[in-house]
Structures are given as C-alpha cells and as structure tokens.
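Participant: Just the structure for this:
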Amino acid sequence: MKYTAASIAVLALVAAAQPAAAQDVSGTVTITGTVGDKCIVTDAGDVPDPDFGGLIELGQLDDTDGTLRNIAAISASSDLDNLGFRVVCTTATPSVSVTAAPMVNPAVTAPDGYADTVHFTADANFSVVGGTDTFTVVTDGTATDSGSLSARLATGPDNVQIDLSNFHTPDPADVLTAGTYTGTVSVTISPN
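Facilitator: This next block holds a predicted model:
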C-alpha cells in the first residue's frame with residue numbers, strides 16, 4: 001500500500017478530530033479538629049462549669065440529753081440538688097480523689113466528756129459505663145480515697161452522687177459543745 005502525502009495529511013486530520021481519551025482526576029479535602037482532655041459539670045439547663053457543690057443543713061445536732069442525735073443516712077436519691085451532679089470527661093478513665101473533714105465547732109476546745117467534732121462516712125458513687133465505682137472516706141479513719149475510674153463516666157444524669165452516713169462523736173456519751181459545726185466532702189475529677 002502506497003500512501004501519498006495527501007492521504008497522510010487526511011489521516012492526521014481525522015485522528016486530530018477525534019476526542020482525546022477521558023482522563024479521571026480526583027482530590028481529597030481533609031477535615032480535622034481536636035478535643036482536649038477535660039472534665040466539666042453539665043447539669044441539665046446549666047452552663048457547663050468546672051465546679052459543683054451543695055449544702056446539707058442538718059439543723060439541731062444534739063438530742064435532749066446533749067449528745068449527738070441519731071442522724072439518718074443522707075443520700076443523693078433523697079437530695080439530688082445538693083448531692084447529685086452530672087460530670088462529663090473526654091478521657092477514658094478519669095482520676096478521682098475524695099476527701100472529707102469532720103464537722104467541727106472551732107469556737108471551743110472540748111474538755112473530757114464533751115465533743116466539738118462530729119465524724120461521718122462519705123461515699124462518692126460514680127456511674128461508669130457498665131457499673132458503679134465507689135470511693136469511701138471515713139473522717140476518723142481514711143480521710144482520702146483516690147484512684148482511677150474503671151471505665152468512662154456514664155453520660156446519664158447525676159452520674160456523681162454523694163451519700164453521707166454513720167454520724168458519730170468520738171465517744172457516744174460525749175455532750176456536744178454549743179456552736180456551729182461545719183464539715184466538708186471534696187471530690188476532684190481529673191482527666192487522665
């Protein structure tokens with residue numbers, strides 16, 4: 001077969017007139033963000049806050065004979081406003097520290113047969129995914145209990161609850177000194 005210059009030119013024009021083969025192109029957009037290690041209080045309807053607390057008013061502490069009256073256990077289930085809190089943490093097993101100080105009347109130093117201190121037991125119950133972790137403090141024994149939670153804090157309401165019980169004086173026969181008694185329970189929750 002013989003090709004002439006004219007036929008080669010025609011073949012070249014035909015080849016140039018055909019569309020080029022399709023070529024795919026692709027691109028990727030990467031989206032990033034961060035969440036820091038933190039724990040915050042998020043009670044329903046409240047602005048998130050790093051602090052929480054309440055006030056338990058026991059009223060008259062002494063019985064008719066001046067000794068400590070029988071004070072029933074106080075639980076978060078009966079006083080959620082002051083003993084139940086919702087805390088969320090972005091980390092898997094937050095660290096917890098619970099400390100307590102007995103109720104003390106600082107106005108006097110109690111002589112023999114009298115008491116200026118009321119001790120108690122505080123249980124801090126943490127609802128975690130899959131169960132509950134409890135840290136217990138006894139003000140005339142173990143004043144601090146700490147460690148890491150076994151799992152993430154559950155996201156439901158009031159996942160941190162404080163229960164108070166076993167109110168007592170150093171000697172049950174002690175007469176309480178007159179004045180105002182104040183004690184505390186402190187809970188610190190820290191991301192790991």
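Participant: which residues in the chain form helices?
Facilitator: Along the chain, counting by DSSP state H, helices occupy 5-17, 80-83.
Participant: worst average pLDDT in those?
Facilitator: Mean pLDDT is lowest for helix 5-17 among the helices of the chain, at a mean of 56.
Participant: And for residue 127, the neighbour number?
Facilitator: Neighbourhood size, residue 127 [other Cβ atoms under 10 Å]: 21. For the C-beta atoms, the positions are set from N, CA and C on the backbone; glycine is no exception.
Participant: show me what contacts it?
Facilitator: Applying Cβ atoms under 8 Å, 6 or more residues apart in numbering to residue 127 gives the contacts 153-154, 156, 158-161.
Participant: What score does residue 173 have for pLDDT?
Facilitator: Residue 173 is given a pLDDT of 97.
Participant: That one touches residue 65, doesn't it?
Facilitator: No. If you go by Cβ atoms under 8 Å, residue 173 and residue 65 don't touch, sitting 9.4 Å apart.
Participant: which parts of the longest strand seen in the chain are buried?
Facilitator: The residue-count maximum for a strand in the chain (DSSP state E) belongs to strand 117-128. Across strand 117-128, burial judged by 16 or more other Cβ atoms under 10 Å covers 117-128.
Participant: Any regions of this structure where pLDDT drops low?
Facilitator: Regions of the chain meeting the criterion pLDDT under 70 cover residues 1-20, 44-48.
Participant: that older thread, looking at the contacts of residue 127, spot the one nearest residue 57.
Facilitator: Distance to residue 57, by Cβ to Cβ, is smallest for residue 161 among the contacts of residue 127, at 18.6 Å.
Participant: Residue 67: how many residues sit nearby?
Facilitator: Residues near residue 67, counting by other Cβ under 10 Å: 17.
Participant: Report the central residue of the chain.
Facilitator: residue 87 (3.8 Å; Cα atoms, centre = their mean).
Participant: In contact with the residue nearest to residue 167 when sequence neighbours are not counted: list those residues for me.
Facilitator: Spatially, and ignoring its direct neighbours in sequence, residue 167 is nearest to residue 71 (4.1 Å; Cβ to Cβ, 6 or more residues apart in numbering). By Cβ under 8 Å, 6+ apart, residue 71 lies in contact with 58, 61, 167.
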